[in-house]
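Chemist: need coordinates for the below:
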Amino acid sequence: MSNLATRKGTFRPLMLLIAAALVIGAAGSAGAAGIPQIVHARQIHFKTLGKTAKSLRDQIWRSHPNWNVVANDANQIERLASALPSWFPAGSGKGHGIRTRASATIWSQPQQFARAARRLFNRAKDLNQAAAGRNLRALRLRIRALGQACASCHRRFRAHSSWW
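Modeler: You can find the predicted model right below:
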């Protein structure tokens, strides 16, 4: 993979993250009128998190991973995981004429949601440490643990569509 492709692959998620942060910053002072922007930024964050995790999985299952991409992806996953609780301010659920799959359980059971978010962050931190040590075996185990943390949160705190 060329150096340009590597930079291009990590540049887009970073720009999406910056754009979403600006939207949330602007929406924070807008009150209820900013809810659509908050939900949109949250969706961008989750898309970035998913794309970054896929990029990392693709790298660590190669025979010769690009360690710069691995390190960047692991760092970004940890940063996103640490910010995840802030993506769900009170009142940013359904009922504002916008589509969101965030379950009301997020706000009705905040301690459980905080615990799940902390578990995700801890898994992301472990993943980042394995990436820093360039330990492929540990990385492969940690990416599975991260996926399990994501899945458990989705089962409990994500509203399911009729086709699930």
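Chemist: find the centremost residue of the protein, please.
Modeler: Leu49 (3.4 Å; C-alpha atoms, centre = their mean).
Chemist: and that residue, what element?
Modeler: helix 35-60 (DSSP states H and E).
Chemist: tell me what that helix is packed against?
Modeler: helix 3-28, helix 67-83, helix 136-157 (3 or more C-beta pairs under 8 Å, 6 or more residues apart in numbering; DSSP states H and E). No exception for glycine: its C-beta is placed from N, CA and C like everyone else's.
Chemist: so where's the chain uncertain?
Modeler: 1-33, 161-164 (pLDDT under 70).
Chemist: nearest spatial neighbour of Gln59, chain-adjacent residues omitted?
Modeler: Closest residue in space to Gln59, ignoring its immediate chain neighbours: Pro65 at 4.3 Å, by C-beta to C-beta, 6 or more residues apart in numbering.
Chemist: and the one you found, how far from Arg123?
Modeler: 19 Å (C-beta to C-beta, to the nearest Å).
Chemist: likewise for Ala41?
Modeler: On the measure of C-beta to C-beta, Ala41 and Arg123 end up 23 Å apart.
Chemist: Leu56 now?
Modeler: Relative to Arg123, and taking C-beta to C-beta, Leu56 is found at 13 Å.
Chemist: neighbour count for these two, which is higher?
Modeler: A direct count of neighbours by other C-beta atoms under 10 Å for Leu56 and Arg123 places Leu56 higher, at 25 against 22.
Chemist: now do whatever helix or strand Ala131 lives in: which elements does it pack against?
Modeler: If you go by DSSP H and E, Ala131 is part of helix 110-132. If contacts are counted by 3+ C-beta pairs under 8 Å, 6+ apart, helix 110-132 sits against helix 67-83, helix 105-108, helix 136-157.
Chemist: now do the helix holding Leu49 against helix 67-83, angle only.
Modeler: Angle of helix 35-60 versus helix 67-83, following axes from the mean of the first three to the mean of the last three C-alpha atoms, to 10 degrees, is 150 degrees.
Chemist: check contacts around the closest residue to Leu127 other than its chain neighbours.
Modeler: Excluding the flanking residues, the one nearest Leu127 by C-beta to C-beta, 6+ apart is Arg142, at 4.1 Å. Shown in contact with Arg142 (C-beta atoms under 8 Å, 6 or more residues apart in numbering): Arg123, Asp126, Leu127, Ala130.
Chemist: related to what we said a few turns ago, nearest to Trp61, out of the helices and strands packed on helix 110-132?
Modeler: Within the helices and strands packed on helix 110-132, the stretch nearest Trp61 is helix 136-157; the backing value is 7.5 Å (C-beta to C-beta).
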